[in-house]
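Student: For reference, the sequence and a predicted model appear below.
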Amino acid sequence: MAQAACPASCGEIIQGWILGGEKLVSCPVAWYSHVEVTTGTPLAKERPLTRAMIKLLLAHWQLPASLSSTLRIDCRSTIPVAKGMASSTADIAATAVAAARHLNQPLDEETLAQLCVTLEPTDSTLFSGLTLFDHNTAATRIPCGTLPHSEVLLLESPLTLTTADYHRMARQQALLDNAGTLDRAWQTLQRACAKNDAALLGEAATLSAIASQALLQKPAFNTLLNLVERFDLYGLNVAHSGSVVGLFLDSARHDVEAVCSFLAKRELAVHWPKSYLLEMVAGGVK
């Protein structure tokens with residue numbers, strides 16, 4: 001028996017056309033998918049992608065495919081699904097690492113990423129540090145540096161959007177039109193990590209969030225930007241292919257209660273009925 005856990009993501013810090021293609025830097029938060037792999041009969045109800053990951057792993061390790069039917073996957077996660085929180089990445093990455101531990105097989109982060117993108121576009125939450133990642137091919141993986149300390153007030157919308165549906169949208173022109181903004185966001189994010197500066201981290205995220213409005217609009221977006229300015233928060237980020245939004249802040253410095261009271265006003269409450277104060281984490285499967 002072996003266990004592993006992978007964090008969720010509050011959307012992305014940045015996502016768009018960067019360094020010649022579509023890439024992202026996820027926003028990992030302390031909300032985990034926990035997976036246990038044991039020898040036993042597979043459960044009647046399991047998440048299909050977790051079993052698909054087991055089959056990929058067995059082929060990668062050149063182990064008999066029949067071994068899959070002897071492995072039980074117990075996936076425990078409360079991460080909201082289809083809202084841009086990397087729930088699938090958390091499930092399959094944790095499954096892969098738990099399986100590797102159970103079967104005593106090697107699995108580094110690069111290989112894990114390549115296997116994950118074989119199944120679906122993958123978030124960079126599986127890496128042990130903030131990473132610029134080509135979520136479609138895994139061809140690009142650039143570490144960003146040290147994560148500045150920040151918390152995220154994650155705002156959950158009732159709206160859902162699957163990753164597959166997002167990738168069927170016509171996005172190319174909007175991505176290219178906003179390439180300059182995303183280049184600034186990428187440069188700003190690198191400076192934020194180099195200087196350990198949460199304000200620059202928020203600035204990078206806000207730039208990318210504004211650009212994302214051309215692809216997938218968030219309701220009451222200008223009101224959210226005004227909220228950030230009113231309470232002098234670090235910045236605003238969004239799920240570029242989902243519905244959640246995050247407010248970057250520090251509960252030791254910012255008045256979270258006042259921010260939540262502002263959010264409770266009718267215009268925002270209808271769009272963001274649930275909120276969670278979460279620690280931002282560097283990422284990586286534990």
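Tutor: In hand now; what should we look at?

Student: Would you mark the buried spots in stretch 16-26?
Tutor: For stretch 16-26, the neighbour count (16 or more other Cβ atoms under 10 Å) marks 16-18, 22-26 as buried. Just so you know, the C-beta spots here come from the backbone N, C-alpha and C atoms, and that holds for glycine as well.

Student: Strands along the chain, start to end?
Tutor: Shown for the chain, the strands assigned by DSSP state E span residues 2-18, 21-39, 71-77, 131-133, 141-143, 151-156, 235-238, 245-249, 274-279.

Student: So which of those is nearest Ala174?
Tutor: When the strands of the chain are compared for distance to Ala174 using Cβ to Cβ, the nearest one is strand 2-18, at 8.9 Å.

Student: got the angle between that closest one and strand 151-156?
Tutor: Here strand 2-18 runs at an angle of 80 degrees relative to strand 151-156 (axes from the mean of the first three to the mean of the last three Cα atoms, to 10 degrees).

Student: Could you list every helix and strand in contact with strand 2-18?
Tutor: For strand 2-18, the helices and strands in contact under the criterion 3 or more Cβ pairs under 8 Å, 6 or more residues apart in numbering; DSSP states H and E are strand 21-39, helix 87-103, helix 172-177, helix 179-195, helix 198-212, strand 235-238, strand 245-249.

Student: residues contacting the nearest residue to Thr38 once chain neighbours are set aside?
Tutor: Using Cβ to Cβ, 6 or more residues apart in numbering and skipping residues adjacent in sequence, the residue nearest Thr38 is Met1, 4.3 Å away. Remark: with contacts taken as Cβ atoms under 8 Å, 6 or more residues apart in numbering, Met1 is in contact with 36-39, 102.

Student: PyMOL command to pick out the buried ones of those?
Tutor: Applying 16+ other Cβ under 10 Å to the contacts of Met1, the buried members can be selected in PyMOL as follows:
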select buried, resi 36+37+102
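
Student: okay if I get the contacts of Met1 as JSON lines plus distance to Met169 and pLDDT?
Tutor: As requested, those are arranged in JSON lines below (distance: Cβ to Cβ, whole Å; pLDDT from 0 to 100):
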{"residue": "Glu36", "distance to Met169": "36", "pLDDT": "98"}
{"residue": "Val37", "distance to Met169": "35", "pLDDT": "98"}
{"residue": "Thr38", "distance to Met169": "40", "pLDDT": "98"}
{"residue": "Thr39", "distance to Met169": "43", "pLDDT": "98"}
{"residue": "His102", "distance to Met169": "38", "pLDDT": "98"}
